[in-house]
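In: Show me the folded form of this:
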Amino acid sequence: MHITLKAARVNMGMPQKKAAELLGISVDTLKNYERGKTFPDVLTLKKIEKAYGVRYENIIFLPRNNT
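Out: Residues are numbered from 1 along each chain as shown. Next comes the predicted model:
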């Protein structure tokens, strides 16, 4: 099953602030990941997989032109 980064977070019942704290990033950075403006590095991806319970291969990263 494929899921967007935002949907994965919401499915875990996590607000952006809590998710950002858990991942060790700022809320603005998480917003940029969810909007496809920037992309996480490998270490952050591993944290996302663990926190959201979703494998990287199943996460849909939005294109950079998405607003």
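
In: Please count neighbours and contacts with C-alpha atoms only from this point.
Out: Fine.

In: any idea where the helices of the chain begin and end?
Out: For the chain, the helices defined by DSSP state H cover 5-11, 16-23, 27-35, 42-52.

In: what comes up buried for the longest one?
Out: Think helix 42-52. For helix 42-52, the neighbour count (16 or more other Cα atoms under 10 Å) marks Leu45, Ile48, Glu49, Ala51, Tyr52 as buried.

In: Pull the residues that contact it.
Out: The contact list for helix 42-52 (Cα atoms under 8 Å, 6 or more residues apart in numbering) reads Ala8, Arg9, Met12, Ala19, Leu22, Leu23, Val54, Arg55, Tyr56.

In: Please convert the buried members of those into ChimeraX selection syntax.
Out: Those of these that count as buried under 16+ other Cα under 10 Å are selected in ChimeraX with:
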select :8,9,19,23,54,56
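
In: Please name whichever of the helices of the chain is nearest to Ile60.
Out: Closest to Ile60 of the helices of the chain, according to Cα to Cα: helix 5-11, at 6.4 Å.

In: can you list the residues that contact the closest one?
Out: So helix 5-11 is contacted by Pro15, Gln16, Ala19, Tyr33, Glu34, Tyr52, Val54, Ile59, Ile60, Phe61 (Cα under 8 Å, 6+ apart).

In: pLDDT averaged over it, what's the number?
Out: Across helix 5-11, the average pLDDT comes to 95.

In: Could you tell me how far Glu57 is located from Ser26?
Out: For Glu57, the distance to Ser26 equals 24 Å [Cα to Cα, to the nearest Å].

In: and which of the contacts of helix 5-11 is nearest to Thr4?
Out: Using Cα to Cα, Ile60 comes nearest to Thr4 of the contacts of helix 5-11, at 4.5 Å.

In: just checking, what packs against the helix or strand bottoming out on mean pLDDT in the chain?
Out: The helix or strand of the chain with the lowest confidence, counting by mean pLDDT, DSSP states H and E, is strand 59-60 at a mean of 90. Contacts defined by 3 or more Cα pairs under 8 Å, 6 or more residues apart in numbering; DSSP states H and E place strand 59-60 against strand 3-4, helix 5-11.
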